[in-house]
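Peer 1: Quick check, what structure comes out for this input:
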Amino acid sequence: MLALAHPSPPAAWPACPCGRRAEAIRQGVGEVLARLAELGVDTGAIWTAASRLPANSELALGAAAELLASVQGGGQGHGRRVVALAVSLAQAAGLSPEQVRAVRWGAALHDLGKVRVPREVLDKPGPLTGEERAVVQGHAAWGAELLAPLPLPAAAVAAVRHHHERWDGGGYPCGLRSRRIPLAARIVAVADVFDALISARPYKPAWCEREAARVILRGAGSQLDPRLARLFVREVLGFRDLLP
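Peer 2: Below you'll find the model as predicted:
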């Protein structure tokens with residue numbers, strides 16, 4: 001069986017008086033730091049800075065989101081690009097400022113659960129085995145599990161849990177279909193798929209934006225929310241000529 005990577009937290013946590021919320025923050029940031037240590041990254045300065053953070057979910061999770069670039073299998077800048085694309089799509093869709101904020105957090109932390117996926121699986125250049133694919137797919141639920149105790153918008157946590165659902169019901173972790181998929185998750189999904197297409201990965205080269213936009217349109221109504229996919233290509237990417 002493939003062993004799941006559940007890194008142990010550092011031996012000494014910084015003192016914090018805020019109970020369950022603070023413990024959840026420490027667990028989330030601590031898992032990231034522990035995984036960085038496993039990868040040979042010098043975390044001394046990072047841990048010193050983290051130990052001085054107040055028990056504030058946005059500050060601590062912001063720090064965690066920045067660190068995730070070192071442990072995610074999405075390439076440099078993936079998280080920042082997904083945030084920018086998702087926020088632009090949310091604004092184009094007319095969401096309220098509160099809804100846009102939830103989308104921003106969901107996008108920033110959508111791959112948080114990958115700290116529990118072995119690095120050799122994330123970086124594997126060839127096809128994954130069924131067992132490896134199941135481990136990778138666990139990241140969506142694991143990320144939501146880490147975030148659930150925190151005072152974040154419910155839509156942000158839902159975006160993390162459900163950003164790999166498919167419009168046709170063939171996604172994970174819950175097989176949700178159509179509008180049963182939370183709106184924030186549908187928005188993050190479009191941004192995540194597009195950035196994955198234009199990014200070089202161990203198993204593929206980067207695609208040009210125009211060809212990636214065509215793939216987004218082909219996925220409208222099967223993988224992606226058809227209205228959001230078309231809105232993304234038209235308003236966020238500006239490829240209006242690709243639409244009928």
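
Peer 1: quick one: least confident helix or strand in the chain?
Peer 2: helix 44-51 (a mean of 50; mean pLDDT, DSSP states H and E).

Peer 1: Report the buried residues of the host helix or strand of Leu89.
Peer 2: Following DSSP states H and E, one finds Leu89 within helix 78-92. For helix 78-92, a neighbour-count test (16 or more other CB atoms under 10 Å) marks His78, Gly79, Arg81, Val82, Val83, Ala84, Leu85, Ala86, Val87, Ser88, Leu89, Ala90 as buried. Yep, even glycine has a C-beta here, placed from its N, CA and C like the rest.

Peer 1: Repeat that for stretch 194-212.
Peer 2: Phe194, Asp195, Ala196, Leu197, Ile198, Ser199, Arg201, Trp207, Ala212.

Peer 1: who are the neighbours in contact with the last one?
Peer 2: By CB atoms under 8 Å, 6 or more residues apart in numbering, the residues touching Ala212 are Phe194, Leu197, Ile198.

Peer 1: thinking Ile216 is in contact with Ala189, fair?
Peer 2: No: in this structure Ile216 lies outside contact range of Ala189 using CB atoms under 8 Å: 10.4 Å.

Peer 1: Give me the common contacts of these two.
Peer 2: Residues within reach of Ile216 and of Ala189 at once, by CB under 8 Å, 6+ apart, are Leu224.

Peer 1: which of the two has more neighbours?
Peer 2: Using other CB atoms under 10 Å as the criterion, Ile216 and Ala189 rank with Ala189 on top: 28 against 23.

Peer 1: Phi, psi for that one please.
Peer 2: Main-chain dihedrals, Ala189, degrees, to the nearest 10: phi -60, psi -40.

Peer 1: Kindly provide the distance from the closest residue to it other than its chain neighbours to Leu242.
Peer 2: The shortest distance from Ala189 to any non-neighbouring residue, by CB to CB, 6 or more residues apart in numbering, is to His163 (5.0 Å). His163 sits 24 Å away from Leu242, going by CB to CB, to the nearest Å.

Peer 1: Quick check: closest non-adjacent residue to Asp123.
Peer 2: Using CB to CB, 6+ apart and skipping the chain neighbours, the partner closest in space to Asp123 is Pro202 (5.5 Å).

Peer 1: if I look at that neighbour, how far off is His164?
Peer 2: For Pro202, the distance to His164 (CB to CB) stands at 19 Å.

Peer 1: returning to that earlier point: look at His163 and Leu242 and report which has more neighbours.
Peer 2: Under the criterion of other CB under 10 Å, the comparison of His163 against Leu242 puts His163 first, with 29 against 15.

Peer 1: Surely that one is in contact with Gly106?
Peer 2: Yes: with contact defined as CB under 8 Å, His163 reaches Gly106; the gap is 7.2 Å.

Peer 1: which residues are contacting stretch 217-224?
Peer 2: 166-168, 171, 186, 189-190, 193, 216, 226, 229-230, 233, 242-243.

Peer 1: how about Arg214, what does it touch?
Peer 2: Arg214 makes contact with Leu242, according to CB under 8 Å, 6+ apart.

Peer 1: State the phi and psi torsions of it.
Peer 2: Arg214 has phi and psi values of phi -60, psi -40 when expressed as degrees, to the nearest 10.
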